[in-house]
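Chemist: Just to be clear, the model below is a prediction. Sequence and coordinates:
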Amino acid sequence: MPKRIYNKAIPIILTFFTFSIAFYQLLKIYHMENQLNVNIVVIALLCLIAGIIPRWFLKIPFYFLVLYSGLFFNFPQNLSFSLKWGAVFWERLVHLNGLFIAGRIGYLPEEIAVSLVFFVMILLIELIIEYERVIISYLIIISYMLFLTIYNDIELQVEIVLFASLGLLQRFLIVHKKNKQNYLAITAVLSVFLLVTLMIPSEFIEMRMLEPSATLRNYLNTKGFYQFIEETGAGNLSRSGFSENDRVLGGPLLDDNQIVLEAQQSSPHYWRVDSKSLYTGSGWENSGTEDAALATYNGPQIELANNDYQGSFAENEEITLSRETPDTYLPLPYGDKQIKVGDAATELYVNQETQRVNFQNASQSDSFQIDWQDFDYTMEELADVSLTMPDSTLDYLQLPEQLPERVTELAEDLTAEEDTLLGQVTAIQDYLKNAGNFRYSKIDAGFPTENQDYVDHFLFDSQVGYCDNFSSAMVVMLRSVGIPARWAKGFSSGEEVSEGRYVVRNSDAHSWPEVYFEGYGWLPFEPTPSFSQPLEQIDTAINDDTQTSSTSSSITEETTETSSTQTSSSTTTTESTTTTETKETAPTTSRFLSLPPLVRNILYGLLAVILLGFVYMLWSNYFYWYMLVLIKVNKASILKIYPKLLHKAEKFVLRTPEQPLNDYAQVFETKYPQFDKSFIKLTANYEKRLYGGIEKTDERQQDLIVEVAKQLTKIKK
């Protein structure tokens with residue numbers, strides 16, 4: 001038993017450390033952090049059982065008792081510790097499992113989650129401590145951490161690196177059980193590696209972990225895999241769909257494929273719902289004036305004309321629209337619309353400022369006929385619009401006072417060579433969409449750090465996002481160079497499921513910028529990659545000085561991959577600094593510097609201790625490392641190495657000049673039997689080489705030299 005405890009002591013400690021950190025992440029997700037102390041005791045007992053008790057049939061009752069006790073202290077059910085509590089808890093598990101399978105609860109209940117994790121933890125502890133299956137066990141733990149990182153908006157990059165380091169350390173200890181000389185060295189190297197990781201910006205680690213798998217994870221997202229995980233877990237990711245609250249934008253997004261509307265129509269187009277004009281640095285809000293400008297329309301035919309547009313219109317099309325969800329808003333295409341409703345009592349409220357159309361109540365008509373005439377203008381007509389703006393558009397130049405200067409400088413740099421309104425607009429649009437600096441992804445989109453501007457974070461730090469990121473960035477940059485713009489939102493054209501029949505889902509929710517052109521009103525642009533509309537070709541057409549045909553402003557989606565305007569309001573708590581250099585990326589704050597001063601000082605002290613220990617280890621084992629270099633690197637012969645070993649041995653056992661080497665070796669090993677005849681054998685080999693003419697030092701002889709050098713290093717005066 002003492003020998004077993006000695007052999008298992010380090011694995012027990014490292015395994016306990018590993019599972020304490022890993023289990024704490026589960027407690028945080030379920031807001032059970034106050035149970036940490038109890039669960040640490042449970043984990044410690046499980047590790048001790050695995051390390052001390054040698055037989056399975058002896059372990060099982062102890063495991064059961066600790067598991068039973070751990071579940072009781074986590075979920076006491078207002079009962080005392082007894083068999084009755086076990087019966088009540090089991091009934092609750094069965095009941096919750098039934099509700100979960102039936103879909104009546106949308107997450108995995110904490111009672112089931114903790115029970116499953118306890119059970120899996122026992123198996124993994126056994127694999128690591130008893131069966132020494134370290135690699136597979138730590139891969140399972142790291143995979144679990146990756147799931148938590150992606151689906152619960154928590155940063156676990158350092159924890160993942162820590163677990164990888166602990167796994168490597170345990171594997172090293174297993175492989176080198178009989179060679180413990182290098183324990184301190186590998187521990188020091190892995191510790192320094194972990195501390196260096198703490199000082200690397202978390203954004204850098206996150207991008208290196210997520211970017212290579214972006215294509216696969218986006219594919220899994222479209223297939224509903226992540227949504228299934230979200231629905232069966234305790235995560236808090238936002239889902240796609242039209243959102244009324246855009247105050248805080250950012251973070252990853254899951255697809256929601258619920259149908260919003262169906263339309264029978266000849267050509268696809270965007271379905272516009274609303275626009276917002278007040279940018280706060282975190283998201284978008286309505287200004288006070290937008291809420292007051294309401295007009296009421298009712299009757300069997302409701303005419304909704306765009307009075308700002310003075311151009312020509314395309315031919316009339318008829319759209320049959322059916323709402324599948326009882327929302328208060330009515331999505332509509334751009335252009336002139338005449339709405340025919342079956343219920344004459346239907347009443348619509350139209351915000352004259354934002355052009356949002358609302359029902360008096362959400363239960364009114366679900367089916368509509370729309371006579372629609374799309375805008376019809378040429379690119380040359382838009383290119384002739386003056387850069388001067390009417391006073392009515394000044395409200396759409398608003399920007400927060402704390403907007404970083406580098407955002408404005410980037411916009412000025414992009415538009416410096418353009419002398420027309422259209423040229424400046426398309427220059428910013430093309431930079432976001434076609435320059436290759438940005439990547440479209442719903443899953444990899446990150447949160448800005450605390451007090452960091454949402455657009456600034458996207459443009460200079462993450463450079464990964466979906467429509468909200470791209471559209472907000474374009475609006476803000478346009479405003480920063482004096483061009484009125486606003487943030488519009490609604491739905492893209494959806495999926496054509498049969499000829500002329502389109503289905504629009506929550507996953508088709510989308511946002512885009514609108515720019516004011518005098519004589520044409522608010523026109524849409526599209527900076528988001530994988531989406532397209534005719535205006536994106538304007539810049540090329542003008543630069544080539546070619547004749548461009550009349551083109552509709554209806555927007556066609558190139559791909560079914562869409563985005564949303566609904567995002568999570570969670571943000572991280574790391575403060576970031578900004579720079580005035582336009583082309584230079586912003587410095588990011590490392591996780592180490594964001595730690596509390598006391599924690600940083602402890603880590604500094606730990607690093608100092610590790611470094612001093614490493615220096616001491618090198619100094620105290622200098623002779624061994626020196627011999628190792630001679631034999632392994634310099635390939636020195638035994639004729640050169642043995643005299644150095646002999647000189648070292650004579651410091652512990654005095655040798656007279658006339659004493660034969662063989663006799664001295666016998667005397668030496670009598671005093672130090674731990675050499676186990678190795679010094680005697682090496683002495684004999686040396687004399688054979690010296691007097692017998694043996695020319696080379698073979699591998700077995702090298703190992704003998706290393707073993708003698710190691711034992712000589714261990715002897716203390």
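Modeler: Nice, thanks for sending it over. Numbering: from 1, shown residues only.
Chemist: Could you use CA atoms for every contact and neighbour count after this?
Modeler: Will do.
Chemist: Just the pLDDT for Leu394.
Modeler: Residue-level confidence at Leu394 comes out at 84, pLDDT.
Chemist: unless I'm mixing things up, it is touching Pro484, no?
Modeler: Yes. Counting by C-alpha atoms under 8 Å, Pro484 is a contact partner of Leu394 at 6.9 Å.
Chemist: Tell me how confident the model is about the strand or helix carrying Ile13, as a mean pLDDT.
Modeler: Element membership for Ile13 (DSSP states H and E) is helix 2-29. Confidence for helix 2-29, expressed as mean pLDDT, is 83.
Chemist: Please report how far Asn685 lies from Leu704.
Modeler: 10 Å (C-alpha to C-alpha, to the nearest Å).
Chemist: out of those two, which sits in the more crowded spot?
Modeler: Asn685 (20 against 16; other C-alpha atoms under 10 Å).
Chemist: If we go by neighbour counts, what in the helix holding Ile13 is buried?
Modeler: Neighbour-count burial for helix 2-29, with 16 or more other C-alpha atoms under 10 Å as criterion, is recorded at 8-9, 11-12, 14-20, 22-27, 29.
Chemist: heading toward the C-terminus, what's the first helix or strand past that helix?
Modeler: Where DSSP H and E defines the elements, the next helix or strand beyond helix 2-29 is helix 36-52.
Chemist: Does anything pack onto the helix holding Ile13? Which helices or strands?
Modeler: For helix 2-29, the elements it packs on are helix 36-52, helix 110-129, helix 157-175, judged by 3 or more C-alpha pairs under 8 Å, 6 or more residues apart in numbering; DSSP states H and E.
Chemist: which strand is the longest one in this structure?
Modeler: As far as residue count goes, and with DSSP state E defining each element, the longest strand of the chain is strand 509-517.
Chemist: Strand partners (parallel or antiparallel) of that strand?
Modeler: Under the criterion DSSP bridges, strand 509-517 sits next to strand 485-491 (antiparallel), strand 521-524 (antiparallel) in its sheet.
Chemist: out of those strands, which comes closest to Thr354?
Modeler: strand 485-491 (8.8 Å; C-alpha to C-alpha).
Chemist: quick one: contacts for Ser620?
Modeler: For Ser620, the set of contacting residues under the criterion of C-alpha atoms under 8 Å, 6 or more residues apart in numbering consists of Thr713.
Chemist: where does it fall, phi/psi-wise?
Modeler: phi -70, psi -20 (degrees, to the nearest 10).
Chemist: Could you tell me the model confidence score at it?
Modeler: pLDDT, the model's per-residue confidence, is 71 for Ser620.
Chemist: what do you get for the one 3 residues further on?
Modeler: On the pLDDT scale, Phe623 is placed at 82.
Chemist: Over to the one 3 residues further on?
Modeler: Predicted confidence (pLDDT) at Tyr626: the value is 82.
Chemist: Then it would be within a helix, right?
Modeler: Yes. Under the criterion used here (DSSP: H, G, I helix; E, B strand; the rest coil), Tyr626 sits inside a helix.
Chemist: From Thr713, how far off is it?
Modeler: Using C-alpha to C-alpha, Tyr626 is found at 11 Å from Thr713.
Chemist: In terms of neighbours, single out the busier of these two.
Modeler: More neighbours surround Thr713 than the other of Tyr626 and Thr713, with 17 against 11 (other C-alpha under 10 Å).
Chemist: In contact with that one, which residues are there?
Modeler: For Thr713, the contacting residues are 620-621, 623-624, taking C-alpha under 8 Å, 6+ apart as the criterion.
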